[in-house]
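Novice: with the input below, show me the fold.
(one chain, ligands or ions: 1)
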Amino acid sequence: MRTGVLALLLLVMWALPWFWYGAACVEEHEPERVAAAVRVEGPCVALTFDDGPRSDTTPVLLDGLAQRGVHATFFVIGDRIPGREDILKRMAAEGHQIGVHSQNHKALSDLNTAGLEEEVTRLEETLTQLLGQREFMIRPPYGFTSPCLRRWAKEPIILWSVDTMDWSDHDTDRQVRVVVDKAQDGDIILMHDIYHASVDTALRAVDELMARGYRFVTVEELFALRGVEPQGGKEYRCLPAG
Ligand code: NI
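Specialist: Numbering: from 1, shown residues only. Presented below is the predicted three-dimensional model:
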């Protein structure tokens, strides 16, 4: 009996320091854990979609983004808007950013100011009527810019740093690998919301990158997060931290 009590006492004496040590560890690491939570939660990237809206793909993408709580940026084509105004209103209502791709997908680099007014200003007016006054950033078709466009544009010109080339093969597996392997903090990712495969790619890439701690923001939000004031006529490809 006495040996039993002694053994128990010895066990308690042996275990106590471990208990204290464990408690001290938790305390010691607590400030670090708080700092990690306060730090901007992981890398941020902006998904951008050109050439829409399209009735049988864009709403499917919007459903998937809403389920994941993800905001993206849509650079739309003016000629595709009639009959699809509700899609644009839904984008805006759900927190997505809308920008100008062009009225009719012309290369803006070939145009003089009269042509730019026809391709850009006309679409800006349509978007203002639909969504109210706001800044509509410009994504030039094919990424083609010119000194004339840079001088003329009152809005920033948004290019990209990761190109999925999603129009070329409709191969979701390849496209997801491109996004997941290449995406880094501050990247602007180019996709098109007019292909079913691209919608699948976008949602799968979001799931994979979110699991790795990535956050998805609009281009405007990316500027704000980086503390960068977007300048009219200036080209931006990405906005990395620092
Ligand atoms: Ni385009």
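Novice: interface residues of the protein facing the ion?
Specialist: Contact residues, the chain versus the ion (CB under 5 Å from the ion): 50-51, 141. Any C-beta I mention is one placed from the backbone N, CA and C, and that applies to glycine too.
Novice: neighbour-wise, which one of these leads?
Specialist: Of all those, the highest neighbour tally under other CB atoms under 10 Å goes to D50, namely 26 neighbours.
Novice: can you give me the pLDDT of that one?
Specialist: We note a pLDDT of 98 for D50 in this prediction.
Novice: just give the nearest non-adjacent residue to it, would you?
Specialist: Excluding the flanking residues, the one nearest D50 by CB to CB, 6 or more residues apart in numbering is F75, at 4.8 Å.
Novice: would the one you found count as being in a helix?
Specialist: No - counting by DSSP: H, G, I helix; E, B strand; the rest coil, F75 is located in no helix; its state is strand.
Novice: let me see the contact set for the most centrally placed residue in the chain.
Specialist: The centre of the chain sits closest to A46, judged by CA atoms, centre = their mean, with a distance of 2.2 Å. Contact analysis of A46 by CB atoms under 8 Å, 6 or more residues apart in numbering lists 72-73, 187-189, 216-219, 221-222.
Novice: which one among those gets closest to the ion?
Specialist: T73 (13.5 Å; CB to the ion).
Novice: my guess is that closest one meets F216, correct?
Specialist: No - counting by CB atoms under 8 Å, T73 stays clear of F216, with 10.1 Å between them.
Novice: distance check, T201 against A224.
Specialist: Taking CB to CB, to the nearest Å as the measure, T201 falls 27 Å from A224.
Novice: who has more neighbours out of those two?
Specialist: Between T201 and A224, T201 has the larger neighbour count (other CB under 10 Å), namely 24 against 14.
Novice: how about the helices in this structure?
Specialist: Counting by DSSP state H, one finds helices in the chain at the ranges 2-38, 58-68, 85-93, 113-116, 122-131, 147-152, 166-169, 172-182, 196-211, 219-226.
Novice: just give me the lowest mean pLDDT stretch among those helices.
Specialist: Among those, helix 2-38 carries the lowest mean pLDDT, at a mean of 44.
Novice: the closest residue in space to C148 that isn't next to it in sequence: neighbour count?
Specialist: With sequence-adjacent residues excluded and distances taken as CB to CB, 6+ apart, C148 is closest to N112, at 6.6 Å. Residues near N112, counting by other CB under 10 Å, number 10.
Novice: would you mind measuring from N112 to the ion?
Specialist: Distance of N112 to the ion, given as CB to the ion, to the nearest Å: 21 Å.
Novice: what pLDDT does P230 get?
Specialist: Value for P230, per-residue pLDDT: 97.
Novice: burial measure for the nearest residue to V228 once chain neighbours are set aside, as a count.
Specialist: In this structure, V228 finds its nearest non-sequential neighbour in L239, 6.0 Å apart by CB to CB, 6+ apart. For L239, the tally of surrounding residues (other CB under 10 Å) stands at 23.
Novice: and L239, what does it touch?
Specialist: L239 touches 186, 188, 222-223, 225-226, 228, counting by CB under 8 Å, 6+ apart.
Novice: 7 Å - rerun?
Specialist: Taking CB atoms under 7 Å, 6 or more residues apart in numbering, we find L239 in contact with 186, 222-223, 226, 228.
Novice: cool, E119 as well?
Specialist: Shown in contact with E119 (CB under 7 Å, 6+ apart): 102-104, 106, 108, 111.
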